[in-house]
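**Student:** Here is a sequence together with a model predicted from it:
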Amino acid sequence: VLVEAEELGIPTLMLDQQVVEKVTDGIPDMFGLTQEQIDTYPKYARNFKCKDQLEKEEPCAADKYTLDYCPKRKRMAQWHPGWHVFAMQGNLIALWLAQSLLDAIKALEDDYGNQDGANAEQIYNKLKSDE
């Protein structure tokens, strides 16, 4: 399906499952910790993994949804991902995007920067004027 979308000119993006597994493996397990110990971790790592499962078991299951922003509502199924998973995915996409932009700037500097020692701003202005 994604190949068909790309052939129609629709860009697609998929997270590499191996990268996601490495990230989730690195998330500290909160099961058995005291609240004082849990509070020493950053917000996005707190109550994310318990008993080697994401957003399951206590105290993780209780912190799965952002009930202070979105009160309990119908269809809050336990198989739906919670805010921790969405935050992780969003951060991975943001890191990928930032790296892609840096790679693009580097490629532009490599391709155009040799011309009179141009920097990124000069290259941008040159490309903009060529449009």
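**Tutor:** In hand now; what should we look at? Residues are numbered from 1 along each chain as shown.
**Student:** any weak-confidence spans in this protein?
**Tutor:** For the chain, residues meeting the criterion pLDDT under 70 lie at 113-117.
**Student:** Tally up the residues packed near the residue lying closest to residue 53 once chain neighbours are set aside, please.
**Tutor:** Spatially, and ignoring its direct neighbours in sequence, residue 53 is nearest to residue 60 (7.6 Å; Cβ to Cβ, 6 or more residues apart in numbering). Just so you know, the C-beta spots here come from the backbone N, C-alpha and C atoms, and that holds for glycine as well. Other residues lying near residue 60 total 23 when counted by other Cβ atoms under 10 Å.
**Student:** What are the phi and psi values at residue 60?
**Tutor:** phi -70, psi -40 (degrees, to the nearest 10).
**Student:** Settle this for me: it is touching residue 47, isn't it.
**Tutor:** Yes. Counting by Cβ atoms under 8 Å, residue 60 touches residue 47, with 4.7 Å between them.
**Student:** Correct me if wrong: residue 55 contacts residue 86.
**Tutor:** No. The pair residue 55 / residue 86 is not scored as a contact, 10.4 Å apart, by Cβ under 8 Å.
**Student:** between those two, which one's more packed in?
**Tutor:** residue 55 (21 against 11).
**Student:** How about the contacts made by the more buried one?
**Tutor:** By Cβ atoms under 8 Å, 6 or more residues apart in numbering, the residues touching residue 55 are 48, 61, 63-64, 81-82, 84-85.
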